[in-house]
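Asker: Model the structure of this input:
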Amino acid sequence: NLPGRLKMADPCIRYVGDEWHTPYTEEMQIDQGSQVATRVRTFGNEETLQRAEGQGEVLEARPPVEIRYANMPPGGSWVASAERGHTALFYVRSGSVRVRGPVEVSDEVHAGSTCSLGNDGDYCWLVNAGDSQADVLLLTGEPLREPVVLGGPIVMNTQKEVMQAYAELRNGTFLN
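Answerer: The predicted model follows:
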């Protein structure tokens, strides 16, 4: 999501990954019990985001978001730091994981599902208890502290803005 002041700004996209030569950090975390290694890539430092925007026109700064990708083999786990007070959510791209912490989530989070985490901790701990690889994206960032209204794929701050966006979409003027 974007802050309200940027909702109708020109769209932009930041490509990250090897194909676009964007830097990332990579680490291996070894589960102390199973001795299985989980590979974690982190995107989101200023250098990464600046290179992802490419050369030429400078885009208006977006709120900083840290994107982490973990490739978790069966038996692997991942302890990811999350700044206290920040929003944190993860999306399971494939496989399934369990969330561990003071209170363990009783059900597994499966591929295609998103899990929001409370902002009162400083880490999250994911475990792949399944028998297949799990790929997980973790997104963290400072909360916007603005109202959120969902209208299908459109996210705005008020119902009136959602209705306006759909009217513009129908008229062919959305984001023009």
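Asker: for the helix or strand encompassing residue 78, packing partners?
Answerer: Here residue 78 sits within strand 77-81, counting by DSSP states H and E. Under the contact criterion of 3 or more Cβ pairs under 8 Å, 6 or more residues apart in numbering; DSSP states H and E, strand 77-81 touches strand 25-30, strand 37-43, strand 65-72, strand 123-127. C-beta: built from backbone N, CA, C; applies to glycine.
Asker: And it, how far out from the chain middle?
Answerer: Distance of strand 77-81 from its chain centroid, counting by Cα atoms, centre = their mean, to the nearest Å, is 15 Å.
Asker: May I see the buried residues of that strand?
Answerer: Using 16 or more other Cβ atoms under 10 Å as the test for burial, strand 77-81 gives 77, 78, 80.
Asker: Nearest the geometric middle of the protein, what residue?
Answerer: Centroid-nearest residue in the chain, with Cα atoms, centre = their mean: residue 139, separated by 2.7 Å.
Asker: tell me the contacts of it?
Answerer: Counting by Cβ atoms under 8 Å, 6 or more residues apart in numbering, residue 139 touches 65, 66, 67, 68, 87, 88, 89, 90, 91.
Asker: rewinding a little: list just the nearest of the buried residues of strand 77-81 to residue 134.
Answerer: Proximity of the buried residues of strand 77-81 to residue 134 (Cβ to Cβ) peaks at residue 78, which lies at 9.3 Å.
Asker: For that closest one, name its beta-bridge partners.
Answerer: Beta-bridge partners for residue 78, by DSSP bridges, are residue 126.
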